[in-house]
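Asks: attaching a predicted model along with its sequence, questions to come.
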Amino acid sequence: MPLRILHTADVHLGAKFLGLGRKGQLQRSRLLQAFDDTVNLAIRENVELLLIAGDLFDSRDVSKTLLAQVAYRLQDLSAVGIPVCISPGTHDPYGPDSIYVSQELTSIKGLTVFTSEEMTPVRFEQLDCVVYGNANMRPFHNRRPLESLEVSDDIRWRIGMVHASFEMPDLVDDTYVVTPEEIASSGLDYLALGHIHSFSNRSSGDVTAFYPGSPEMVRMQKSKSGNVLIIDLDEEEIRVTPHRTGVLAYDEMTIRAEDAAGGGLVALLEARGDPGIVMQLNIEGLRPTDYPDVSEVVEALSDLYFLVKVNDRSWPAPATIDPGAYPQGSPAAEFLSVLHSRLDEASPTEQEEIREAMLVGLSLLLGEGES
């Protein structure tokens, strides 16, 4: 019996986006739109089960209006017979004051919210399926929820869902963690992961496991976000198909400080302007005398992008590269004297390179550049 699932996570409804100023409200509405689109996709694609692997909400502090909007859409799924499973995440953990104990959610037929740190099975006999899930709770005791998982053999499809980090060499501490070995030995057919905002394949052994990433960008940084996953399970294979739900995209531009001068920065930003882009602008090298006020330029062009983030790694050029302008015998004077002695014998191209080397080297000696 085949099975079709929709898997999403890390929606973060109600996120404040305080750092976005007037655009914060716009992005909050986009998160809700992504959730609406996810529900519509589930209905349109005849999904039989919807999994939300944590952080549906950004916090426990959810407005009544938002709660009502979410409950209404979950009721839409209930009305067409699509059950929903939710694993409370790190932002919306389960507990006595959890959003998930609200009457608006507990009254929805077909909604399962996991309420224990232990992996708990919920059977869907009509789908020949069992879903094993757990809840993030505070304090966190069951740090490795897959470690003691034992799955049933009397049902066709065994699905897991966990809001957890994937073990990495530099991971020191986190709420819950899963490892490749635990995934491979879990006995599951599919593991729905949440907590990492970027789409990634974490399959191991015979077990298919994915992070869908956030359905719309939450952190204004590089990530493979903006998708939900439709999972088709049949006897021959398990197919994972991303579906685009997000509006924002990430772009990055690295330029030399000299190219930003004289209106260059304005021209570069105007050429790539797109209100659906979060642009990471990196500036490197020596600043010429006509180097612009970058923050003023970005503010003036703010409507061309959703957001421009600036990492200005440039530094001021020295006022002069004349060795006589620096104390005799000083490292700066000695360095410049050596290079000056090579100018007369150099070709025009080499002279330009030598002068640039003087500027960079002198900046470093004077402590104005990067070390």
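Replies: Thanks, I have it.

Asks: may I see the buried residues of stretch 142-149?
Replies: Of the residues in stretch 142-149, those buried under the neighbour-count criterion (16 or more other CB atoms under 10 Å) are 142, 145-146, 149. Glycine gets a C-beta too; all of them are placed from N, C-alpha and C.

Asks: and stretch 106-119, by the same measure?
Replies: Quick answer for stretch 106-119 (16+ other CB under 10 Å): 108, 110-115, 117, 119.

Asks: among the buried residues of stretch 142-149, which one sits closest to Glu353?
Replies: Leu146 (57.6 Å; CB to CB).

Asks: let me see the contact set for that closest one.
Replies: Each residue near Leu146 by CB atoms under 8 Å, 6 or more residues apart in numbering is listed here: 119, 160, 162, 178-179, 182-183, 186.

Asks: ignoring the adjacent residues along the chain, who's closest to it?
Replies: In this structure, Leu146 finds its nearest non-sequential neighbour in Glu182, 4.0 Å apart by CB to CB, 6 or more residues apart in numbering.

Asks: ok, back up a step: and the furthest pair within the contacts of Leu146?
Replies: Met119 and Thr179 (14.8 Å).

Asks: if we can go back for a sec, pretty sure the residue nearest to Leu146 sits in a helix.
Replies: Yes. Counting by DSSP: H, G, I helix; E, B strand; the rest coil, Glu182 falls inside a helix.

Asks: what pLDDT does the model give it?
Replies: Per-residue pLDDT puts Glu182 at 95.

Asks: burial check on it, number of neighbours?
Replies: 21 (other CB atoms under 10 Å).

Asks: cool, Phe140 as well?
Replies: Phe140: 13 neighbours (other CB under 10 Å).

Asks: and the most centrally placed residue in the chain, which of the three is it?
Replies: The residue lying closest to the centre of the chain (CA atoms, centre = their mean) is His197, at 3.9 Å. What three-state DSSP gives for His197 is coil.

Asks: which ones are touching it?
Replies: Here His197 is in contact with 10, 213-214, 218-219, 223, 225 (CB under 8 Å, 6+ apart).

Asks: recalculate using a threshold of 10 Å.
Replies: 9-10, 12, 55, 211-215, 217-219, 221, 223-226 (CB atoms under 10 Å, 6 or more residues apart in numbering).

Asks: so for Glu370, what's the pLDDT?
Replies: At Glu370, pLDDT is 43.

Asks: pull the number of nearby residues for the nearest residue to the residue nearest to the centre of the chain once chain neighbours are set aside.
Replies: Leaving aside its chain neighbours, His197 sits nearest to Ser214 (4.5 Å; criterion: CB to CB, 6+ apart). The number of residues packed near Ser214 is 30, by other CB under 10 Å.

Asks: for Ile230, same thing?
Replies: Residues near Ile230, counting by other CB under 10 Å: 18.

Asks: tell me the bridge partners for it.
Replies: Here Ile230 sits in beta bridges with Leu6, Thr241, going by DSSP bridges.

Asks: and Cys199, what does it touch?
Replies: I think there's a mix-up here, since residue 199 is Phe and not Cys. Counted by CB under 10 Å, 6+ apart, Phe199 has contacts 210-214, 223-229, 240, 242.

Asks: how close does it sit to Gly226?
Replies: 8 Å (CB to CB, to the nearest Å).

Asks: overlap of the contact sets of those two?
Replies: 212-214, 242.

Asks: what does the residue nearest to Phe17 when sequence neighbours are not counted show for phi and psi?
Replies: Excluding the flanking residues, the one nearest Phe17 by CB to CB, 6+ apart is Gly24, at 3.7 Å. Backbone torsions for Gly24, taken as degrees, to the nearest 10, come to phi -60, psi -40.

Asks: what's the answer for Pro2, then?
Replies: Torsion angles, degrees, to the nearest 10, at Pro2: phi -70, psi 160.

Asks: need the pLDDT of it.
Replies: 95.

Asks: skipping its backbone neighbours, what lies nearest it in space?
Replies: Pro2's closest residue in space is Asp234 (CB to CB, 6+ apart), at 4.1 Å.

Asks: what's the burial count for the one you found?
Replies: 12.

Asks: which residues does it contact?
Replies: 1-4, 157.

Asks: which one of those residues sits closest to Ser347?
Replies: Closest to Ser347, out of all of the contacts of Asp234 and judged by CB to CB, is Arg4, at 68.8 Å.

Asks: just to revisit the earlier point, out of the contacts of Phe199, list just those in strands.
Replies: 210-211, 227-229, 240, 242 (DSSP state E).

Asks: residues near Ala53, how many?
Replies: Ala53 - counted by other CB under 10 Å - has 27 other residues nearby.

Asks: how much space separates it from His163?
Replies: In terms of CB to CB, Ala53 sits 5 Å off from His163.

Asks: need the overlap of contacts for those two.
Replies: Common neighbours of Ala53 and His163 (CB under 10 Å, 6+ apart) are 9-10, 86-87, 89, 133, 192-195.

Asks: can you give me the pLDDT of Gly226?
Replies: Reading off the model, Gly226 has pLDDT 97.

Asks: that one contacts Gln33, correct?
Replies: No. Gly226 sits out of contact with Gln33 when judged by CB atoms under 10 Å, with a separation of 11.9 Å.

Asks: who touches both of these two?
Replies: Joint contacts of Gly226 and Gln33 (CB under 10 Å, 6+ apart) are 215-216, 245-247.
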